[in-house]
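Asks: just coords:
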């Protein structure tokens, strides 16, 4: 478990660098460090399906950011100006809600079952009978496409709707 | 990437839209096919090994995005591939819906695993799961590619 804590510290440092650095390309690279640390964490807790998705999506995100930065500007002009007067109220609100969130998280983590021993009956049924009932040796595919196919269909509809939204906003025809 | 490379890239794109340097073009042409093949492998083996429709689809779209980034934005090619990406997106979504509705058509419930289960760890097993993986792969790959092309095509709007 010590690797997870080390990775968390590295992610915190990279996130602070991503916010505070002046060069936007370096900020994009620091954001990539956060994403790849999440991927390594998924591998360490034995979730290779999620790790593959995380790595590929992270590569695409960093490439998108790098392409946008190379075509526009390299410098972040908002850094080094301090807190403006109109930003005081949001900052105070953020600290109040952040403190509340941390306190409630500590309360909630104490009530969790220990790592690797779930309390849900459904999951153990899937693990025990998944291979016999679906014939798929990848248990994640068996769950998301057979037992929980309806949820996956909803996810596909959400993706379709978001693509539709982007294509509608960015359309070329009928714009001018 | 060195500063010099960035400058040449920007200046060449402003004038002709010819993309990056010849080194990047050669490597991209060589490697895009392998990335596409790996995406197909991830999709087709989704019921056997880690991965599946979503991860494989993102890898498929990454191979096309690599080509677009390396060879630059040529307007005609970009518009035609945008057209095909939208069509494939819809085809993937309808395929997935049809696979789900097969259960209702044959008199059982939504998302029934109709086909034979087969022997585990063979490529032809697990009933409808490989078909659903292929549908999701086509849908996700074409969807992400069309988002990228929609965002990349906006600078034609700026020009007009």
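Replies: Received, thanks. All values derive from a computational prediction rather than experimental measurement.
Asks: tell me which element residue 34 falls in.
Replies: You didn't say which chain, so I picked chain A. If you go by DSSP states H and E, residue A:34 is part of helix A:24-44.
Asks: Switch to chain B, please.
Replies: For residue B:34, the host element (DSSP H and E) is helix B:22-44.
Asks: now swap in residue A:67 and tell me
Replies: Using DSSP H and E, residue A:67 sits in helix A:48-71.
Asks: what about the next helix or strand after that helix, average pLDDT?
Replies: Counting by DSSP H and E, the element after helix A:48-71 in chain order, helix or strand, is helix A:88-110. Averaging the model's pLDDT scores along helix A:88-110 yields 92.
Asks: rewinding a little: for the helix holding residue A:67, name the packing helices and strands.
Replies: If you count contacts as 3 or more CB pairs under 8 Å, 6 or more residues apart in numbering or on different chains; DSSP states H and E, helix A:48-71 packs onto helix A:24-44, helix B:3-15, helix B:53-71, helix B:129-152. Placement of C-beta: from N, CA and C, glycine included.
Asks: can you pull the contacts of residue B:91?
Replies: Applying CB atoms under 8 Å, 6 or more residues apart in numbering or on different chains to residue B:91 gives the contacts B:138, B:142.
Asks: Per-residue pLDDT of it, please?
Replies: 90.
Asks: Residue B:96 now?
Replies: What the model reports for residue B:96 is a pLDDT of 87.
Asks: element containing it?
Replies: Taking DSSP H and E as the definition, residue B:96 sits inside helix B:75-105.
Asks: List the buried residues for that helix?
Replies: Across helix B:75-105, burial judged by 16 or more other CB atoms under 10 Å in any protein chain shown covers B:78, B:81-82, B:85-86, B:88-90, B:92-93, B:95-96, B:99-100, B:102-103.
Asks: same question, stretch A:112-132
Replies: Neighbour counts over stretch A:112-132 (16+ other CB under 10 Å) mark A:126, A:130-131 as buried.
Asks: In TSV: the helices and strands packed on helix A:48-71, plus distance to residue A:11 and mean neighbour count.
Replies: Output for those, formatted as TSV (distance: least, CB to CB, whole Å; neighbours: other CB atoms under 10 Å in any protein chain shown):
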stretch	distance to residue A:11	mean neighbour count
helix A:24-44	5	18
helix B:3-15	28	12
helix B:53-71	22	23
helix B:129-152	25	24
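Asks: Out of those, flag the one nearest residue B:37.
Replies: Taking CB to CB, helix B:53-71 is the member of the helices and strands packed on helix A:48-71 nearest to residue B:37, at 8.8 Å.
Asks: Could you give the separation of stretch B:45-55 from the chain centroid?
Replies: 15 Å (CA atoms, centre = their mean, to the nearest Å).
Asks: Name the residues that touch that stretch?
Replies: Outside stretch B:45-55, the residues that touch it by CB under 8 Å, 6+ apart are A:48-49, A:51-53, A:56, A:135-138, A:140-142, A:144-145, B:42-43, B:56, B:121, B:123, B:125-126, B:129-130, B:132-137, B:139-140.
Asks: Residue A:33: which of the buried residues of helix B:75-105 is nearest?
Replies: For these, the nearest to residue A:33 is residue B:85 (30.8 Å; CB to CB).
Asks: My read is that the closest one contacts residue B:140, right?
Replies: No: under the criterion of CB atoms under 8 Å, residue B:85 makes no contact with residue B:140, lying 11.5 Å away.
Asks: and the buried residues of helix B:75-105 near chain A, which?
Replies: Taking CB under 8 Å from any CB of the partner chain as the test, chain A is in contact with B:86, B:89, B:93, B:96, B:100 out of the buried residues of helix B:75-105.
Asks: Just send those back as TSV, with distance to residue A:26 too.
Replies: Shown next, in TSV, are these (distance: CB to CB, whole Å):
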residue	distance to residue A:26
B:86	36
B:89	35
B:93	39
B:96	41
B:100	46
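Asks: Which neighbouring elements make contact with the helix or strand of chain A with the lowest mean pLDDT?
Replies: Here the helix or strand of chain A ranked lowest by mean pLDDT, DSSP states H and E is helix A:121-134, holding a mean of 79. Secondary-structure packing of helix A:121-134 (3+ CB pairs under 8 Å, 6+ apart): helix A:139-142.
Asks: what does the helix it packs on contact?
Replies: Applying CB under 8 Å, 6+ apart, the external contacts of helix A:139-142 come out as A:49, A:126-127, A:130-131, A:133-134, A:136, B:46-47, B:50, B:52, B:126, B:129, B:133.
Asks: one more time with 10 Å
Replies: Contact partners of helix A:139-142, identified using CB atoms under 10 Å, 6 or more residues apart in numbering or on different chains, comprise A:47-50, A:126-127, A:129-131, A:133-136, A:148, B:45-53, B:113, B:126, B:129-130, B:132-133.
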